[in-house]
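A.B. asks: Dropping a prediction and its sequence here:
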Amino acid sequence: MSGTVDVSPGQRERLPFEPLKQTNSVINEPPYVRWLLIATAVGFLALFLLLPLLSVFVEALRKGFGPYFESFADPETLAAIQLTVLAAAIAVPLNLVFGLCAAWAITKFEFRGKQFLITLIDLPFSVSPVVAGLIFVLIFGAQGWAQPFVGDHVGKVLFATPGIVLATVFVTFPFIARELIPLMQEQGTEDEQAALSLGATGWQTFTRVTLPNIKWALLYGVLLCNARAMGEFGAVSVVSGHIRGLTNTMPLHIEILYNEYQFVSAFAVASLLALLALVTLALKSFLEWRYADQLAATRRH
Amino acid sequence: MTATALPRPRRARRTLPGLTPTLGFTIFYLGLIVLIPLAGVFFRASGLGLDGIWKVISDERVLAALKLSFGAAAIAAVLNAVFGSIVAWVFVRYEFPGKRLLDAVIDLPFALPTAVAGIALTALYSESGWIGSVLAQAGIKVAYTPLGVIVAMTFIGLPFVVRTVEPVLKEVERDLEEAAATLGAHRLTTVLRVIAPAVFPSLVTGFALAFARAVGEYGSVIFIAGNFPMVSEIAPLLIIIKLEEFDYQGATAVAATMLVLSFLLLLAINLLQARARRKS
Amino acid sequence: MLRSFSLAGLLLALTTAASAAPELLNASFDVARPFYKAYNAAFAAEWKRRTGIEPKLNVSHGGSTKQARSVIDGLEADVVTMNSPLDIDAIAARGLIAKDWPSRFPHAASPSWSAILFVVRKGNPKGIRDWGDLVKPGVSLVIPNPKTSGNGRYSYLAAWQYARTRPGGSDDSARAFVKALFAQVPVLDTGGRGASSTFAQRGAGDVLLTFESEITLLREEFPAAGFEVVVPSLTVRADNPVAVVDAVAARHGSEALARAYLDYHYSPQGQALFAEHGVRPADAAVLKAHAARFPTLTVFTIEQGFGSWAQAQSQHFADGAVFDQIIARR
């Protein structure tokens, strides 16, 4: 089941079929173990997550809010934001359709070479962003093997927006599929088969049975894919050409600002991406909280 | 884990529709976006011949870089597996103030541009930074050493383990734990015998993803690594350096080697995971 | 999906559509950013005065060698402004720039130059006076990677030449000196600007070796740090050559604008602008007029020290050449 709901003890007790969950001391750890584990987890996260995050905002606001907001008035910064949004707006829907197709084919059917296919889907994860950029240079560069055709019939790819979009699509390729596959594997196919035996069409089964079952994982996958698309640096850096106001995405623009000693502006743009992440993640938490009852009601067990 | 406890529904092959279009599109899109472009790397590298590729990667500087990339990524993934499991456990089982906030920021490493992460981590862990200055007193140098590489790789791989283990941990049937406890099993035994096997496949997935992501990482690592040949130079940087020297074939040879190694590792881990899933 | 494809179409139309204002892209090296910000504004005004149309001047910065590679790979730069002739030669070797590019503009097509100097921390606590002091025990240096950055290459070659021209110096002693020098370098950044940040912000190293112009900027950006400049007894002259990328300019029909853009570097305004940014103007008279900014240097050129850039490259920085050897056996 889509068990991404955070069920608090109170809620648990209200579920008639799951009595005495948290109150049973035999399945709880002694307090000192609990506190030790919590301290370890919080310490680890503080060291590796919170402090870096905090330092981004501290640097961004070092000179106060005035300079912070002025950073966003720069036309080159605005152009970078536009380009980043555009690249994500193309990459995310493409990978969404792919993710749904791949997850459906992989989890609802048995066929030879499935593990191999999953590994291939994972591949862009392990491909260094640098290599991801390199492959598009090899294809669309002036000496690339597709360039004679593409250059004449399609237009500029490398060092222009299409190249940046391609690199973004490549880097974020597995995110949604990867989020859906384990969950749908866990869910099996009974629900779908029941729907079909009741006379639903394949499409109805997908939209009314499968989709509601996976919506949280799907949403999470989309958010993740989007965040990664907007934050990608290495691959885009190789194919961008770094033309200010034209082919600079936000992360590249941050690097430029940083290299120009405009630390406040650099971290201000960076904080925008961090904020974007925090807002989308907060949104996800809110949705889960808002629909917790509904989710609990559809629990199968 | 009732869903997986059921026998694999082989009959599904006939009843559910849509295999051909979805699998067809999956393979088409995979081919177009991933396989054909990657084939280009091997095509280009093959221009060197096997001897030529061997000559490039047997160079001691290239070997050192590959060793650092894969070694540091493995250590970072192990760190993430250990601490990520603890974090997931704490998130699922305990209540404490600030939990929701922490839960929300877990995904930050995905969203923060890697270059920014690199700059922020370097600022923190260099000898003048908040954390680095404390460690410096203990004689530990993080920034500009291989340790810095591990720190950056741990950061970027952090969400993978937490996010793959967390949902599965939530699904674990508490009835089973209770049963084990009432049968007189020690708490630790219950955790190891009942919970660990259920969580293991997702832990392996998380480990593999964290590892794979760390091996190729560039943006955040180059800021904190020091980038000294033979010591703190990662393989992706070496690819960039070779590119900038107009040594395309050398660059593609290193790239192809990395690709093959990561692919084999991922395949092995996916197979292992499939086996674990079948067992549980 | 449909939406995505129509977006992609729109985007293609946007990027390929010819715009009315004349456009020009300058691919330049990393540390030239502040200069070209000012220069582009000045030239745009000048061009508007001459033709009545304000041109759109785009600029792309990066490591010099990386920029050359991008141009070779298809970055449609109309002009390149680099920090070593090697990078323009690389583009010329691919047929995008005429082989005789150095003869197309005055001063071997280098309207300005800079030199490698040392920056030390406030009060010069390690007592750095010259190259010899850099290899003293306990001195930590920041030098960018000679294989990827112009600064790094110039620093390396200057150190080599210094050691070789010492009394009793030879190629062997130079090699030993350079090896000892790089043994003191804990961080090899890929570009000159990265090295500056490492030194100034991260607080790594006692001495930073970089271009004079970069040092000027560094001291302006970090006035509180009190960085001091040390002028060594011998250093290298780093020419900043410029060229029209003929193949691209011909395709864009931007030859006249490109030519005028580079010519303006040699105008009194252009030369003065160089001086204001801590870059030495090629015109000796203008340099003299700004003498207060520029200490007297003893410099050698790459041609004097190493025959030619191509020779220096193949002997020192090619794969498996001297630099690789001294690093590998560290």
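C.D. replies: Sure thing, it's come through.
A.B. asks: In space, not sequence, find me the middle residue of chain B.
C.D. replies: By Cα atoms, centre = their mean, chain B has its centre lying nearest to B:A210, at 1.5 Å.
A.B. asks: Next one: it from B:I224, what distance?
C.D. replies: Counting by Cβ to Cβ, to the nearest Å, the gap from B:A210 to B:I224 is 18 Å. For every residue, glycine as well, the C-beta is placed using N, CA and C.
A.B. asks: Using PDB, write out every CA atom in stretch A:189-206.
C.D. replies: Presented in PDB, the C-alpha positions along stretch A:189-206 are these (Å, rounded to 0.1, in the frame of the first residue of the first chain):
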ATOM      1  CA  THR A 189      -1.500  -6.800  -9.500                       C
ATOM      2  CA  GLU A 190      -4.600  -7.900  -7.600                       C
ATOM      3  CA  ASP A 191      -6.300  -4.600  -7.500                       C
ATOM      4  CA  GLU A 192      -5.900  -4.200 -11.200                       C
ATOM      5  CA  GLN A 193      -7.100  -7.700 -11.900                       C
ATOM      6  CA  ALA A 194     -10.100  -7.200  -9.700                       C
ATOM      7  CA  ALA A 195     -11.000  -4.000 -11.600                       C
ATOM      8  CA  LEU A 196     -10.600  -5.800 -14.900                       C
ATOM      9  CA  SER A 197     -12.700  -8.700 -13.900                       C
ATOM     10  CA  LEU A 198     -15.400  -6.200 -12.900                       C
ATOM     11  CA  GLY A 199     -15.400  -5.000 -16.500                       C
ATOM     12  CA  ALA A 200     -13.200  -1.900 -16.400                       C
ATOM     13  CA  THR A 201     -11.100  -1.100 -19.400                       C
ATOM     14  CA  GLY A 202      -7.300  -1.000 -19.200                       C
ATOM     15  CA  TRP A 203      -7.300   2.800 -19.100                       C
ATOM     16  CA  GLN A 204     -10.000   3.000 -16.500                       C
ATOM     17  CA  THR A 205      -8.000   0.500 -14.400                       C
ATOM     18  CA  PHE A 206      -4.900   2.600 -14.700                       C
END
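A.B. asks: Give me the mean pLDDT for it.
C.D. replies: In this model, stretch A:189-206 carries a mean pLDDT of 88.
A.B. asks: buried ones in that stretch?
C.D. replies: Within stretch A:189-206, the residues that count as buried by 16 or more other Cβ atoms under 10 Å in any protein chain shown are A:T189, A:D191, A:E192, A:Q193, A:A195, A:L196, A:A200, A:T205, A:F206.
A.B. asks: Filter those residues down to the ones in helices?
C.D. replies: A:D191, A:E192, A:Q193, A:A195, A:L196, A:T205 (DSSP state H).
A.B. asks: and the stretch 101-250 of chain C, which residues reach chain B?
C.D. replies: The stretch 101-250 of chain C has residues C:145, C:147-148, C:185-190, C:201-204 near chain B, with proximity defined as Cβ under 8 Å from any Cβ of the partner chain.
A.B. asks: from those, which is closest to chain A?
C.D. replies: C:Q201 (8.4 Å; Cβ to the nearest Cβ).
A.B. asks: That closest one: neighbouring residues, count only.
C.D. replies: 19 (other Cβ atoms under 10 Å in any protein chain shown).
A.B. asks: Equivalent analysis for the one 10 residues further on, please.
C.D. replies: By the other Cβ under 10 Å criterion, the neighbourhood of C:F211 contains 27 residues.
A.B. asks: so what's it up against?
C.D. replies: Contacts for C:F211 were tallied using Cβ atoms under 8 Å, 6 or more residues apart in numbering or on different chains; they are C:V31, C:N83, C:S114, C:A115, C:I116, C:L117, C:N151, C:Y154, C:G192, C:A238.
A.B. asks: A:I118 now?
C.D. replies: So A:I118 contacts A:I106, A:I181, B:N270 (Cβ under 8 Å, 6+ apart).
A.B. asks: Closest one to C:P137 out of those residues, please.
C.D. replies: B:N270 (52.0 Å; Cβ to Cβ).
A.B. asks: Would you enumerate the residues in contact with the closest one?
C.D. replies: Here B:N270 is in contact with A:Q115, A:I118, A:T119, A:D122, B:A208 (criterion: Cβ under 8 Å, 6+ apart).
A.B. asks: same thing with B:L158?
C.D. replies: A:F48, A:L49, B:N80, B:G84, B:I106, B:P109, B:A210.
A.B. asks: And for the third one, the neighbour number?
C.D. replies: As a burial measure, the neighbour count of B:N80 was computed by other Cβ under 10 Å and equals 30.
A.B. asks: Quick check: residues of chain A near chain C?
C.D. replies: So chain A meets chain C at A:86, A:89-90, A:93-94, A:97, A:137, A:140-143, A:147, A:154-156, A:158-162, A:165, A:241-246, A:256, A:258-261 (Cβ under 8 Å from any Cβ).
A.B. asks: Just the buried residues from these, in PyMOL please.
C.D. replies: Only the buried entries of the residues of chain A next to chain C go into this PyMOL selection, using 16+ other Cβ under 10 Å:
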select buried, chain A and resi 86+90+93+94+137+140+141+142+147+156+158+159+160+161+162+165+241+242+243+244+245+246+256+258+259+260+261
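A.B. asks: Let's see which of the residues of chain A next to chain C end up in strands.
C.D. replies: Judged by DSSP state E, strands contain none of those.
A.B. asks: where in the stretch 101-250 of chain B is pLDDT low?
C.D. replies: B:111 (pLDDT under 70).
A.B. asks: For the closest residue to B:L30 other than its chain neighbours, give its distance to chain C.
C.D. replies: Nearest residue to B:L30 in three dimensions, chain neighbours excluded: A:L120, at 6.0 Å (Cβ to Cβ, 6 or more residues apart in numbering or on different chains). Counting by Cβ to the nearest Cβ, to the nearest Å, the gap from A:L120 to chain C is 22 Å.
A.B. asks: just checking, A:L120 touches B:I33?
C.D. replies: No: taking contacts as Cβ atoms under 8 Å, A:L120 lies outside contact range of B:I33: 11.1 Å.
A.B. asks: Who has more neighbours out of these two?
C.D. replies: A:L120 (21 against 18).
A.B. asks: I'd like to know the predicted local confidence at the more buried one, please.
C.D. replies: For A:L120, pLDDT reads 89.
A.B. asks: What of the one 5 residues further on?
C.D. replies: At A:F125, the predicted lDDT confidence score is 77.
A.B. asks: Run a quick neighbour tally on it.
C.D. replies: 22.
A.B. asks: Can you lay out the contacts of B:N270 as a markdown table showing secondary structure?
C.D. replies: Shown next, in a markdown table, are these (DSSP: H, G, I helix; E, B strand; the rest coil):
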| residue | secondary structure |
| --- | --- |
| A:Q115 | helix |
| A:I118 | helix |
| A:T119 | helix |
| A:D122 | helix |
| B:A208 | helix |
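A.B. asks: Name the member of the residues you listed that has the highest neighbour count.
C.D. replies: Neighbour max across these (other Cβ under 10 Å) = B:A208, 28 neighbours.
A.B. asks: Looking at the stretch 101-250 of chain A, which residue is nearest chain B?
C.D. replies: Counting by Cβ to the nearest Cβ, the stretch 101-250 of chain A gets nearest to chain B through A:S128 (3.0 Å).
A.B. asks: wouldn't that residue be in contact with B:Y218 here?
C.D. replies: Yes: taking Cβ under 8 Å as the definition, A:S128 is a contact partner of B:Y218 at 6.1 Å.
A.B. asks: My reading is that B:A77 lies in a helix. Confirm?
C.D. replies: Yes: assigned with three-state DSSP, B:A77 falls within a helix.
A.B. asks: Disregarding residues adjacent in the polypeptide, which is nearest to it?
C.D. replies: B:F211 (3.8 Å).
A.B. asks: Helix or strand for the one you found, just tell me which one.
C.D. replies: Assigned by DSSP states H and E, B:F211 falls within helix B:196-216.
A.B. asks: Could you export the following helix or strand past that helix as PDB, CA atoms only?
C.D. replies: Heading C-terminal from helix B:196-216, the first helix or strand you meet, by DSSP H and E, is helix B:219-225. Provided in PDB are the C-alpha atoms of helix B:219-225 (Å, rounded to 0.1, in the frame of the first residue of the first chain):
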ATOM      1  CA  GLY B 219      30.100  19.700  -8.900                       C
ATOM      2  CA  SER B 220      30.200  19.500  -5.200                       C
ATOM      3  CA  VAL B 221      33.400  17.400  -5.000                       C
ATOM      4  CA  ILE B 222      35.700  19.600  -7.000                       C
ATOM      5  CA  PHE B 223      35.300  22.500  -4.500                       C
ATOM      6  CA  ILE B 224      36.200  20.600  -1.500                       C
ATOM      7  CA  ALA B 225      38.700  18.000  -2.800                       C
END
